[in-house]
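S.K.: Just a sequence and a predicted model for now, questions to come.
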Amino acid sequence: MEAVVFEDDLIISELISTILRDHGWKFRTFLEGADAVGSVKRLRPKIVLTDIMMPGMDGLSICKALKSDPATKDTKIVILSARAYPEDKEEATKCGADAFLPKPFSPPDLIELVRKLLTEAGGDGEEKPRVDKPVLSASIWGSRSGDGKTPGPATSCVSLTLGDKLFILDAGSGLERLAASPFPGNLAKEVHVLLTHFHPDHLSGLPKLKWAAEAGLSIKFLGPKDASDTLVRAVQTGLAGVGVKAAVQLFGLVESTFKLTPQITIKALLTKHPGNTLAYRIEYQGRSFVYCPDNEIESGNDVQSDHQDRLLRFFQDADVLLHDARFLDEDFGTRSGAGHSCPGAIVDLAAKAGVRSLVLFHLDASYPKEKLDAALERAKKAMQGLSADTTVELGLEGWTRQL
């Protein structure tokens, strides 16, 4: 990989991204510096471009930390800043910066500087494969849309195993197959079920959650908080015939970020979908998994808020993004406003966010496999046209991934 960019100004970040993309350079962008050192170690870029004034960790601190770490000391660092006083340039030099580029800068100046530093850095700039031991395992047990009642492909249910902890994302009909066997003996006797919302196709598997009848097991349900206590009613109704012996707890959530354990961080973001609907980002030991099964991405003349910017921050540099792609591009015009997305819209946003792997999820049950395969090929070509490294896959039942 040629470059990693830390820039919290979305306009400047997009300008830099366009320049790097147009020249075929592989890159990632970040809108804050909180995990800058870890990200650079993980991505191994030849060059880091960073603003000075940044949330999380400022650019000069990033520079100093990278240059003082044996693993990153040879990385070329460019400081980008509107603070172009001699004192700032001197401080950047003291911190180890290889170059200082004042804002506003011209594209030719940035291009020339990047070329120069890449030449000095040597090598081919190719991204080296990660050799870290996998610590997160994900599986799709159901992914198609539906009404939750009519027989058809299994609806939304995804499992995540983080160390010895099990997470279940949504409780659609796919949950039946997940919970068909006794609870795994190698996992902690605690399950977290994260519900995105309370539509039937995301709850229809609850009556089949046999694990709820196992004494000694703790099951914690987390879902959107509302004035009607919908979470309470949904879980009570869904488990009514199970014969619950497990310890069940319910937690209503609003948009938030919280640590479940010292190593597990969960972020919740409201999405554009009827009713209170959340997307989840789970971070564990440097890995990040985003689950956003129901969300309409605003585009063109429909952009009326900062929601797309907030999504961009939420998806930023995710290892895996499972995102709503219910309607194919050719059908989306007549489905706009329903609270769902199409592959074309999410491909563009995933590329901008520097997502490693995009998984098209919650596909409409009416589409045959041949149509989905054709849509996947178009999405891959669109991603290639953006010169992004992001891979694109169909999120169908049986999909698995280790990170």
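M.R.: Done, it's in.
S.K.: any idea how far Lys42 is from Lys64?
M.R.: Let me fix one detail, which is that residue 42 is Arg and not Lys. 19 Å (Cβ to Cβ, to the nearest Å). In short, each C-beta sits where N, CA and C put it, glycine included.
S.K.: Pass me the low-pLDDT residue ranges in the chain, would you?
M.R.: Within the chain, the stretches with pLDDT under 70 are 123-133, 146-151, 299-305.
S.K.: what about the helices in it?
M.R.: Ranges of helices in the chain, per DSSP state H, are 10-22, 36-43, 59-67, 86-94, 107-121, 175-178, 230-238, 307-315, 329-335, 343-353, 369-385.
S.K.: Can you convert the ones you listed into a markdown table and add a column each for mean neighbour count and distance to Ser159?
M.R.: Formatted as a markdown table, these follow (neighbours: other Cβ atoms under 10 Å; distance: least, Cβ to Cβ, whole Å):
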| stretch | mean neighbour count | distance to Ser159 |
| --- | --- | --- |
| helix 10-22 | 16 | 34 |
| helix 36-43 | 19 | 25 |
| helix 59-67 | 21 | 36 |
| helix 86-94 | 14 | 47 |
| helix 107-121 | 15 | 41 |
| helix 175-178 | 22 | 6 |
| helix 230-238 | 17 | 18 |
| helix 307-315 | 18 | 21 |
| helix 329-335 | 14 | 29 |
| helix 343-353 | 23 | 22 |
| helix 369-385 | 15 | 22 |
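S.K.: right, and these - which one's nearest Ile77?
M.R.: Between Ile77 and the helices of the chain, the shortest gap by Cβ to Cβ is with helix 59-67, which sits at 5.0 Å.
S.K.: chain center to the closest one, what's the gap?
M.R.: 26 Å (Cα atoms, centre = their mean, to the nearest Å).
S.K.: Leu80 versus the most far-flung residue of the chain relative to its centre, what's the distance?
M.R.: Distance from the C-alpha centroid of the chain, by Cα atoms, centre = their mean, peaks at Pro86 (39.6 Å). Distance, Pro86 to Leu80, using Cβ to Cβ: 17 Å.
S.K.: now swap in Pro368 and tell me
M.R.: 49 Å.
S.K.: and if you look at Ser13?
M.R.: To Leu80, Ser13 is 10 Å away according to Cβ to Cβ.
S.K.: So for those two, which residues contact both of them?
M.R.: Glu7 (Cβ atoms under 8 Å, 6 or more residues apart in numbering).
S.K.: Does Glu344 touch Ala379 like I think?
M.R.: Wrong residue type there; residue 344 is Gly, not Glu. Yes: between Gly344 and Ala379 there is a contact at 7.4 Å, judged by Cβ atoms under 8 Å.
S.K.: Correct me if wrong: Ala36 contacts Asp8.
M.R.: No: judged on Cβ under 8 Å, Ala36 makes no contact with Asp8 at a distance of 11.8 Å.
S.K.: what's the overlap in contacts for these two?
M.R.: By Cβ under 8 Å, 6+ apart, no residue touches both Ala36 and Asp8.
S.K.: What are the buried residues along stretch 190-205?
M.R.: 191-199, 201-205 (16 or more other Cβ atoms under 10 Å).
S.K.: I meant to write stretch 66-77 there.
M.R.: Leu66, Lys67, Thr72, Thr75, Lys76, Ile77.
S.K.: mind putting those in CSV, distance to Leu363 included?
M.R.: Output for the buried residues of stretch 66-77, formatted as CSV (distance: Cβ to Cβ, whole Å):
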residue, distance to Leu363
Leu66, 42
Lys67, 47
Thr72, 41
Thr75, 40
Lys76, 43
Ile77, 43
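S.K.: Just name the closest of those to Ile168, please.
M.R.: Thr72 (37.4 Å).
S.K.: Quick check: chain neighbours aside, which residue is closest to Gln285?
M.R.: Using Cβ to Cβ, 6 or more residues apart in numbering and skipping residues adjacent in sequence, the residue nearest Gln285 is Val135, 4.8 Å away.
S.K.: The one you found and Lys189: what is the separation?
M.R.: With Cβ to Cβ as the criterion, Val135 and Lys189 are 20 Å apart.
S.K.: can I get the helices of the chain in a markdown table with distance to Pro153?
M.R.: A markdown table is the format used below for the helices of the chain (distance: least, Cβ to Cβ, whole Å):
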| stretch | distance to Pro153 |
| --- | --- |
| helix 10-22 | 36 |
| helix 36-43 | 35 |
| helix 59-67 | 46 |
| helix 86-94 | 55 |
| helix 107-121 | 47 |
| helix 175-178 | 12 |
| helix 230-238 | 20 |
| helix 307-315 | 26 |
| helix 329-335 | 18 |
| helix 343-353 | 18 |
| helix 369-385 | 10 |
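S.K.: Quick one, which of these gets closest to Ser156.
M.R.: helix 175-178 (9.1 Å).
S.K.: Kindly export the closest one (C-alpha atoms) in CSV.
M.R.: Included here for helix 175-178 are C-alpha records, laid out as CSV according to Å, rounded to 0.1, in the frame of the first residue of the first chain:
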residue,chain,number,x,y,z
LEU,A,175,-31.2,-18.5,14.2
GLU,A,176,-33.0,-21.9,14.1
ARG,A,177,-30.0,-23.6,12.4
LEU,A,178,-27.5,-21.7,14.6
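S.K.: Please list the outside residues in contact with it.
M.R.: Contacts for helix 175-178 (Cβ under 8 Å, 6+ apart): Ser139, Trp141, Gly142, Ala154, Cys157, Ser159, Ile168, Gly205, Leu206, Lys208, Leu209.
S.K.: okay, among the residues you listed, which ones form the most distant pair?
M.R.: Farthest pair in these, by Cβ to Cβ: Ser139 and Leu206, 18.7 Å.
S.K.: Of those two, give the one with the bigger neighbour count.
M.R.: Leu206 (26 against 17; other Cβ atoms under 10 Å).
S.K.: What sits closest to the more buried one if chain neighbours are left out?
M.R.: Gly238 (2.7 Å).
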